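J.: sequence isn't available, so here's the structure alone:
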């Protein structure tokens with residue numbers, strides 16, 4: 001089973017507008033309310049692709065109830081810790097020029113008892129899992145070292161831990177050697193203070209992560225694809241240009257593809273093809289963190305993975 005951790009879930013409210021103008025009244029063409037959070041997107045894609053998956057984290061209030069109801073409709077298995085404060089809402093405004101503007105709430109405060117309840121649940125669920133995925137931010141008063149604590153538990157139990165976050169959460173998490181990370185070029189430059197100008201620079205950064213014990217490292221290069229390092233070898237993944245509708249959630253869908261491939265025992269090239277196909281398939285849909293299985297399978301045949309370095 002793939003265990004997905006989504007500590008700071010949200011109700012995602014997506015508005016389609018003609019334009020955004022400050023100081024005016026604007027009417028939305030359409031409004032969609034969906035369960036959100038990077039981990040929930042991962043779990044949705046894994047579920048669509050018929051992989052055994054369960055998502056956990058914190059949920060509270062009417063917004064938390066809405067998410068639980070929607071997850072049931074989507075057939076996504078879940079086991080969240082109930083908290084006193086309301087789960088956050090996040091707003092996304094898409095205008096006719098296809099530019100998306102987001103407003104992300106910080107999330108609830110979690111009590112010490114609620115935090116401990118999650119750790120108890122995590123220790124129980126991880127024993128039934130083969131892969132653990134932790135995605136996104138944490139509630140406002142959860143410490144930056146929390147993912148590091150979860151990785152330590154997973155490593156002690158011999159579970160592969162996939163970490164998809166940023167900032168201090170990523171920096172501290174790396175200290176405990178997760179199995180997989182996927183920072184983008186800008187994050188690496190911010191993280192290390194070194195500029196990346198070539199594929200060789202990317203490979204050098206990947207080697208540094210692998211030297212400290214991170215097995216699988218993927219660095220996204222945006223439209224130029226990505227470079228992955230695994231088992232002493234390096235691979236560049238490229239894909240033909242598509243007419244993207246909504247790229248939000250594509251990174252989460254990519255991570256879902258990695259988790260699924262690891263759970264199925266795919267070799268590294270097939271893993272990278274599935275992950276890339278999942279990320280691209282999401283970009284073709286209006287709904288965030290959603291793919292169609294038949295499109296993923298078709299796109300896998302169009303992904304190019306080349307060994308380099």
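T.: Sure thing, it's come through. Since the model is a prediction, treat every value here as computed from it, not as a measurement.

J.: show residues contacting stretch 23-33.
T.: Stretch 23-33 has contacts (CB atoms under 8 Å, 6 or more residues apart in numbering) with 11-20, 66, 286-287. To be clear about C-beta, it is placed using only N, CA and C from the backbone, and glycine gets the same treatment.

J.: repeat that with 6 Å
T.: Defining contact as CB atoms under 6 Å, 6 or more residues apart in numbering, one finds that stretch 23-33 is touched by 11, 13, 14, 15, 16, 17.

J.: how about the helices in this structure?
T.: Shown for the chain, the helices assigned by DSSP state H span residues 38-48, 61-73, 112-126, 146-156, 167-174, 185-192, 199-211, 250-264, 268-283, 293-300.

J.: hmm, back to that, the contacts of stretch 23-33 into JSON lines, with extra columns for distance to residue 53, pLDDT and neighbour count?
T.: Formatted as JSON lines, the contacts of stretch 23-33 follow (distance: CB to CB, whole Å; pLDDT from 0 to 100; neighbours: other CB atoms under 10 Å):
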{"residue": "11", "distance to residue 53": "21", "pLDDT": "96", "neighbour count": "22"}
{"residue": "13", "distance to residue 53": "25", "pLDDT": "93", "neighbour count": "17"}
{"residue": "14", "distance to residue 53": "24", "pLDDT": "89", "neighbour count": "23"}
{"residue": "15", "distance to residue 53": "29", "pLDDT": "93", "neighbour count": "18"}
{"residue": "16", "distance to residue 53": "30", "pLDDT": "92", "neighbour count": "15"}
{"residue": "17", "distance to residue 53": "34", "pLDDT": "93", "neighbour count": "16"}
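
J.: out of the residues you listed, flag the one nearest to residue 38.
T.: Residue 38 lies nearest to residue 11 out of the contacts of stretch 23-33, by CB to CB, at 14.3 Å.

J.: select the helix or strand of this structure having the lowest average pLDDT value.
T.: Across the helices and strands of the chain, mean pLDDT, DSSP states H and E gives its lowest value to helix 185-192, namely a mean of 87.

J.: on that earlier part again, just send the contacts of stretch 23-33 back as TSV, with distance to residue 192 too.
T.: What follows is those, written out as TSV (distance: CB to CB, whole Å):
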residue	distance to residue 192
11	36
13	36
14	35
15	37
16	39
17	38
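
J.: from these, which two are the most distant?
T.: Longest span within the contacts of stretch 23-33, CB to CB: 11 and 17, 18.9 Å.

J.: before we move on, the earlier item: which of the helices of the chain sits most buried?
T.: Stretch with highest mean neighbour count among the helices of the chain: helix 38-48 (a mean of 29; mean count of other CB atoms under 10 Å).

J.: now that one: average pLDDT?
T.: Per-residue pLDDT over helix 38-48 has a mean of 98.

J.: other SSEs contacting it?
T.: Where contact means 3 or more CB pairs under 6 Å, 6 or more residues apart in numbering; DSSP states H and E, helix 38-48 is packed against strand 2-6, strand 53-60, strand 131-135, helix 250-264.

J.: ok, and the closest non-adjacent residue to residue 46?
T.: Once flanking residues are discounted, residue 46 sits nearest to residue 53: 4.0 Å by CB to CB, 6 or more residues apart in numbering.

J.: I'd like to know how many residues surround that neighbour.
T.: Neighbourhood size, residue 53 [other CB atoms under 10 Å]: 27.

J.: if I look at it, how far off is residue 74?
T.: Residue 53 sits 11 Å away from residue 74, going by CB to CB, to the nearest Å.

J.: need the residues touching each of these two.
T.: By CB under 6 Å, 6+ apart, no residue touches both residue 53 and residue 74.

J.: one step back: so what's the gap between the least confident helix or strand of the chain and the chain middle?
T.: Chain-centre distance of helix 185-192: 18 Å, with CA atoms, centre = their mean, to the nearest Å.

J.: what does stretch 276-296 give?
T.: 14 Å.

J.: residue 274 and residue 129, how far apart?
T.: For residue 274, the distance to residue 129 equals 19 Å [CB to CB].

J.: ok, residue 54 next?
T.: 8 Å.

J.: just to revisit the earlier point, closest one to residue 234 among the helices of the chain?
T.: Checking these against residue 234 by CB to CB gives helix 199-211 as the closest, at 5.3 Å.

J.: packing partners of the closest one?
T.: Under the contact criterion of 3+ CB pairs under 6 Å, 6+ apart, helix 199-211 touches strand 216-220, strand 226-230.

J.: what mean pLDDT does it get?
T.: For helix 199-211, mean pLDDT is 95.
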